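Enquirer: mind folding the following:
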Amino acid sequence: MNVLNTRRNTLRLFGALCLTLATAWLPPAQAAELKEKIANRLTNDLVLQINVQLGPREEMGKGPDGLRLNYPIVGGTFVGKDIDGKPMQGTVVPGGADMSVMREDGVTRINALYRLKTDDGQIIIIDNAGIWRLNESGLAKKAKGLELKDMKETDFYCRTVPAFKTQPGAHVWLNDYIFVGTIDGVSEHEVLISVYRMGGV
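Expert: Here you go, the predicted model:
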């Protein structure tokens, strides 16, 4: 029995050695290549530009998620085009708000809810959530003592994902797409919201 066990152990060791030698000669695994499967998988088309007028900023104290801020939306105007490329325009209905939260790490979570009224009398609800934060150049300027008013759009990252709710009619297509938005400062109490419809194949 000892001889039999010895032979078995020898065969096991020999098999393990052969497997080790075989795998040692295998070529290294190739890293997967990151590339689009289909060209133009994502595209974007500028469909709305909203000039939003803001009231004085209201600080609502710190919570577990950060400092809560309210930017009242008191009016404004917008221009755009519909799904067929026809022009559309109208006003921003007073009474909306951007209830943002500034986290301890400097990132601000945007949460704006307001209404648009088109020149043809339609009401469009826009629910616009996103992120604002300083990028490397903005952080460098902040470290030098510069304030936000001294910075440009290239000094921060700001992207939103606006969602729309509309009445039945000419603007119902807004319910059926994903949109990405940007926010650019116009003045102390006005921002420009640009909205891009995401398309592709």
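Enquirer: spatially nearest residue to residue 174 (excluding sequence neighbours)?
Expert: Of all residues not flanking residue 174 in the chain, residue 164 sits nearest, at 3.8 Å (C-beta to C-beta, 6 or more residues apart in numbering). The C-beta positions use only the backbone N, C-alpha and C, and glycine is treated the same way.
Enquirer: tell me what that neighbour is bridged to.
Expert: residue 126 (DSSP bridges).
Enquirer: count the residues that sit near residue 76.
Expert: For residue 76, the count of nearby residues is 22 (other C-beta atoms under 10 Å).
Enquirer: surely it meets residue 190?
Expert: Yes - with contact defined as C-beta atoms under 8 Å, residue 76 and residue 190 form a contacting pair (7.5 Å).
Enquirer: which residues are in contact with both of those two?
Expert: Residues touching both residue 76 and residue 190 by C-beta atoms under 8 Å, 6 or more residues apart in numbering: 51, 52, 53.
Enquirer: how about the last one, what does it touch?
Expert: What it means is residue 53. Contact analysis of residue 53 by C-beta under 8 Å, 6+ apart lists 73, 74, 75, 76, 92, 189, 190.
Enquirer: is it part of a helix or strand, or is it coil?
Expert: Secondary structure state of residue 53, per DSSP: H, G, I helix; E, B strand; the rest coil, is strand.
Enquirer: please, where are all the helices along this protein?
Expert: 2-24, 136-143 (DSSP state H).
Enquirer: any idea which of these scores lowest on pLDDT?
Expert: Of all the helices of the chain, the minimum mean pLDDT falls on helix 2-24 (a mean of 57).
Enquirer: that older thread, of the contacts of residue 53, grab the buried ones for PyMOL.
Expert: A single PyMOL command selects the buried members of the contacts of residue 53 (16 or more other C-beta atoms under 10 Å):
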select buried, resi 73+74+75+76+92
